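Participant: Next come a sequence and a model predicted from it.
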Amino acid sequence: MHLSVHRWLMKVFSVKPSLLKICCAYLALMLGCIDADAQGLPTDGRFPGDRPSSLVTTGIFYQKYVLDEDRHIEEISFPVYLAVPIGRSTGISLRASPATVNGRDLAPISGLSDAQVQLSHAATLRGSSFVFNLGLNLPSGRRALTQEELATTVQLSRNFFDFRTPAFGQGFNISPGVTWAFPAGDMLVLGIGVAYQYKGSFKPLEGMDESYQPGSEILITGGADVRIAPGAALSGDVTYTRYGTDKIGSEDVFDSGDRVVATVQLLRYQGFDALRVVGRFRTRGKGSLPAPGADAVPALQTLANQLDLFTSYRMETTSATSIGLHAGVHYFDESDVFSSKLLFSAGVTPEMRLANAVDFWTRFSVRLGDFTGLEAGTGLSFGL
């Protein structure tokens with residue numbers, strides 16, 4: 001989060017909570033489309049209703065994870081984020097990330113990721129706020145990989161690695177959604193959101209005769225945001241995701257288990273400093289494989305339950321510089337393909353205002369525990 005955004009958030013917390021801003025942020029989290037902390041990009045968090053100015057953020061990240069002396073995987077990525085307001089209640093954003101991946105006994109792979117486009121429109125009606133969102137995944141990334149490259153992307157997508165670019169190419173996806181937020185008293189705001197994601201077919205492996213068709217998804221989210229003290233808010237939400245059946249051609253090949261994600265967050269501002277404490281639990285049901293003439297048989301559990309506890313503290317050292325500190329504990333339950341893992345993370349994020357609406361940022365973090373990891377990144381964010 002760069003300096004101009006932090007000052008804007010201070011204004012938000014100095015007055016009664018804004019339904020519109022909460023609604024927009026809520027939908028962004030539900031769809032996973034503007035999670036700046038997860039992406040490491042200070043995308044400034046502007047939503048419809050803020051001052052109309054465009055934002056560009058770009059940078060470079062290096063990540064390396066070492067499982068043991070014989071196994072490691074590393075990635076260099078170049079994420080780009082563009083946000084453009086269309087009037088004061090509509091906005092569009094674009095995100096893409098070229099990357100290159102290497103590792104011990106892994107085939108190297110490099111290229112573009114798919115480009116992701118988000119279009120949002122905000123409206124108010126009788127004291128409530130609505131945000132209508134349309135997300136598009138444009139198939140610009142690499143597909144039709146060799147078997148060796150596909151094996152590399154399987155390792156890349158392991159959620160305990162937390163790579164900035166965990167996948168390259170998929171099919172054309174479209175995801176409409178709507179969120180409704182409404183006040184329930186002077187200090188409390190409630191919200192509910194629904195989204196549907198259609199996933200287009202593609203050929204992940206070269207030489208495939210028929211295309212792979214991922215199942216569609218339905219997401220339902222409910223949550224609350226309460227102002228517990230001046231400059232402090234406590235929020236919580238639960239998201240349920242229902243996955244459709246994956247197909248190759250017309251044949252069913254995999255039925256994924258449903259997923260539930262529960263998140264609780266405390267956000268507190270003191271002057272120009274900000275403290276954030278988050279707990280998040282993710283669980284996913286066991287998938288199944290079709291068995292002709294019989295009941296479906298259980299599939300391997302590849303995505304384990306996950307618990308994350310993390311905190312961050314940002315302080316403004318001067319009017320043009322700030323520094324952020326973050327630390328966390330991350331537990332991944334045992335699955336059918338890997339053992340349980342316990343990790344500890346810590347890092348620092350210095351930022352500097354170079355000129356009007358131009359910020360320079362860096363990020364450095366480490367992970368320790370059942371394996372070790374390192375991340376270093378730097379970049380620029382500037383308004384237009």
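Facilitator: Cool, got the structure.
Participant: Could you pull out the buried residues of whichever strand or helix holds Leu136?
Facilitator: According to DSSP states H and E, Leu136 maps onto strand 128-138. Buried residues in strand 128-138, counted by 16 or more other C-beta atoms under 10 Å: Ser128, Ser129, Phe130, Val131, Asn133, Gly135, Asn137. C-beta coordinates here come from the backbone N, C-alpha and C atoms, glycine included.
Participant: helices and strands around it, which ones?
Facilitator: helix 19-31, strand 115-125, strand 173-183 (3 or more C-beta pairs under 8 Å, 6 or more residues apart in numbering; DSSP states H and E).
Participant: Show me what the mean pLDDT comes to for it.
Facilitator: In this model, strand 128-138 carries a mean pLDDT of 96.
Participant: helix or strand right after it?
Facilitator: Following strand 128-138 in sequence order, the next helix or strand is helix 147-156 (DSSP H and E).
Participant: Buried ones in that next one, by neighbour count?
Facilitator: For helix 147-156, burial by neighbour count (16+ other C-beta under 10 Å) applies to Glu149, Thr152, Thr153, Gln155, Leu156.
Participant: Next, the contact list for the second one, please.
Facilitator: With contact taken as C-beta atoms under 8 Å, 6 or more residues apart in numbering, Thr152 is in contact with Ile73, Val101, Gly103, Leu106, Ala107, Pro108, Ile109.
Participant: what's around the fourth one, how many residues?
Facilitator: Neighbours of Leu106 under the rule other C-beta atoms under 10 Å: 20.
Participant: Excluding residues flanking it in the chain, which one is nearest it?
Facilitator: Spatial nearest neighbour of Leu106, chain neighbours left out: Thr152 (4.6 Å); criterion: C-beta to C-beta, 6 or more residues apart in numbering.
Participant: before we move on, back to that, Throw the buried residues of helix 147-156 into TSV and include distance to Gly91 and pLDDT, thanks.
Facilitator: Output for the buried residues of helix 147-156, formatted as TSV (distance: C-beta to C-beta, whole Å; pLDDT from 0 to 100):
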residue	distance to Gly91	pLDDT
Glu149	36	93
Thr152	36	93
Thr153	32	91
Gln155	36	89
Leu156	31	91
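Participant: from those residues, which two are the most distant?
Facilitator: Using C-beta to C-beta, the buried residues of helix 147-156 span at most 11.0 Å, a distance reached by Glu149 and Gln155.
Participant: returning to that earlier point: nearest to Glu69 among the buried residues of helix 147-156?
Facilitator: Gln155 (17.0 Å).
Participant: quick one: the closest one and Asp308, what's the gap?
Facilitator: Noted for Gln155: a distance of 21 Å to Asp308, by C-beta to C-beta, to the nearest Å.
Participant: And Ala262, by the same measure?
Facilitator: 11 Å.
Participant: what do those two both touch?
Facilitator: Going by C-beta under 8 Å, 6+ apart, residues that sit against Ala262 and also against Asp308 are Arg280, Phe281.
Participant: For Gly223, which non-adjacent residue is spatially closest?
Facilitator: Per C-beta to C-beta, 6+ apart, closest to Gly223 is Asp237, 2.8 Å.
Participant: doesn't that neighbour fall inside a strand?
Facilitator: Yes: with DSSP: H, G, I helix; E, B strand; the rest coil as the criterion, Asp237 is part of a strand.
Participant: For Asp70, give me its contacts.
Facilitator: Shown in contact with Asp70 (C-beta under 8 Å, 6+ apart): Arg104, Asp105.
Participant: what does Asp114 give?
Facilitator: Here Asp114 is in contact with Ala96, Asn137, Leu138, Pro139, Ser140, Gly141, Ala167, Phe168, Gly169, Gln170 (criterion: C-beta under 8 Å, 6+ apart).
Participant: give me phi/psi at it?
Facilitator: In terms of degrees, to the nearest 10, the main-chain angles of Asp114 are phi -70, psi 150.
Participant: Distance of it relative to Asn137?
Facilitator: As for Asp114, its distance to Asn137 is 5 Å (criterion: C-beta to C-beta).
Participant: Overlap in contacts, these two.
Facilitator: Gln170.
Participant: isn't Ser140 right up against Val117?
Facilitator: No: contact criterion C-beta atoms under 8 Å: Ser140 and Val117 do not qualify, at 10.7 Å.
Participant: picking up where we left off before, which of the contacts of Thr152 sits closest to Thr58?
Facilitator: When those are compared against Thr58 (criterion: C-beta to C-beta), the nearest one is Val101, at 19.6 Å.
Participant: Can you show me the CA trace of the helix or strand hosting the closest one as PDB?
Facilitator: Taking DSSP H and E as the definition, Val101 sits inside strand 99-103. Taking Å, rounded to 0.1, in the frame of the first residue of the first chain, the C-alpha atoms of strand 99-103 are listed here in PDB:
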ATOM      1  CA  ALA A  99       7.600 -15.300 -15.600                       C
ATOM      2  CA  THR A 100      10.400 -17.800 -15.900                       C
ATOM      3  CA  VAL A 101      10.700 -20.900 -13.700                       C
ATOM      4  CA  ASN A 102      13.600 -23.300 -13.000                       C
ATOM      5  CA  GLY A 103      14.400 -26.000 -10.500                       C
END
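Participant: can you list contacts of that strand?
Facilitator: Contact partners of strand 99-103, identified using C-beta under 8 Å, 6+ apart, comprise 71-78, 108-111, 113, 152-153, 155-156, 164-165, 168.
Participant: What's opposite Val131 in the beta bridge?
Facilitator: Counting by DSSP bridges, Val131 forms beta bridges with Ala122, Thr179.
Participant: now do the one 4 residues further on
Facilitator: When bridges are called by DSSP bridges, Gly135 pairs up with Gln118, Ser175.
Participant: Thank you, goodbye.
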